[in-house]
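Trainee: this is a predicted model, with the sequence first.
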Amino acid sequence: MNDTVLKGRRLAGGTRAPKTYSTERNCAKVGCETRLSRYNRREHCYAHAPTKYPRLRGRIVKNES
């Protein structure tokens, strides 16, 4: 029988609390009354968020017109 045994131990230290923001925030779009989550760092709701394009490294993207 093999005498080598692998043992592990837990990570030291506790978990950090998630960053929170004000609970009384609404979407920045005029006329939108959507209340944002206190964990959402952005200023717009999902429906009014500006479009973000992913960073494509080394790929050629075809224009869809």
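Mentor: Sure, I can see it. Numbers count the residues shown, from 1 in each chain.

Trainee: please count neighbours and contacts with C-alpha atoms only from this point.
Mentor: Will do.

Trainee: from Asn26, how far out is the spatially most central residue of the chain?
Mentor: By CA atoms, centre = their mean, the mean C-alpha position of the chain lies nearest to Asn40, the distance being 8.1 Å. Here Asn40 is placed at a distance of 11 Å from Asn26 (CA to CA, to the nearest Å).

Trainee: hmm, back to that, which residue sits closest to the residue nearest to the centre of the chain, ignoring its sequence neighbours?
Mentor: Tyr21 (7.4 Å; CA to CA, 6 or more residues apart in numbering).

Trainee: tell me, how many residues neighbour the one you found?
Mentor: Using other CA atoms under 10 Å, Tyr21 has 14 neighbouring residues.

Trainee: pull up the gap between Glu24 and Arg9, please.
Mentor: Glu24 sits 42 Å away from Arg9 when distances are taken as CA to CA.

Trainee: one more: Asn40?
Mentor: Applying CA to CA, the value for Asn40 to Arg9 is 34 Å.

Trainee: cool, and Arg41?
Mentor: To Arg9, Arg41 is 34 Å away according to CA to CA.

Trainee: likewise Thr15?
Mentor: Thr15 is 16 Å from Arg9, by CA to CA.

Trainee: what do you get for Pro54?
Mentor: 38 Å.

Trainee: now do Thr20
Mentor: 31 Å.

Trainee: between those two, who's got more neighbours?
Mentor: Per other CA under 10 Å, whichever of Thr20 and Arg9 has more neighbours is Thr20, with 11 against 5.

Trainee: tell me the contacts of that one?
Mentor: Listed by CA atoms under 8 Å, 6 or more residues apart in numbering, the contact partners of Thr20 are 38-41.

Trainee: do that again at 10 Å, thanks
Mentor: 37-41 (CA atoms under 10 Å, 6 or more residues apart in numbering).

Trainee: now those residues as JSON lines including pLDDT and distance to Gly58?
Mentor: Shown next, in JSON lines, are these (pLDDT from 0 to 100; distance: CA to CA, whole Å):
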{"residue": "Ser37", "pLDDT": "94", "distance to Gly58": "36"}
{"residue": "Arg38", "pLDDT": "94", "distance to Gly58": "37"}
{"residue": "Tyr39", "pLDDT": "94", "distance to Gly58": "33"}
{"residue": "Asn40", "pLDDT": "92", "distance to Gly58": "31"}
{"residue": "Arg41", "pLDDT": "92", "distance to Gly58": "30"}
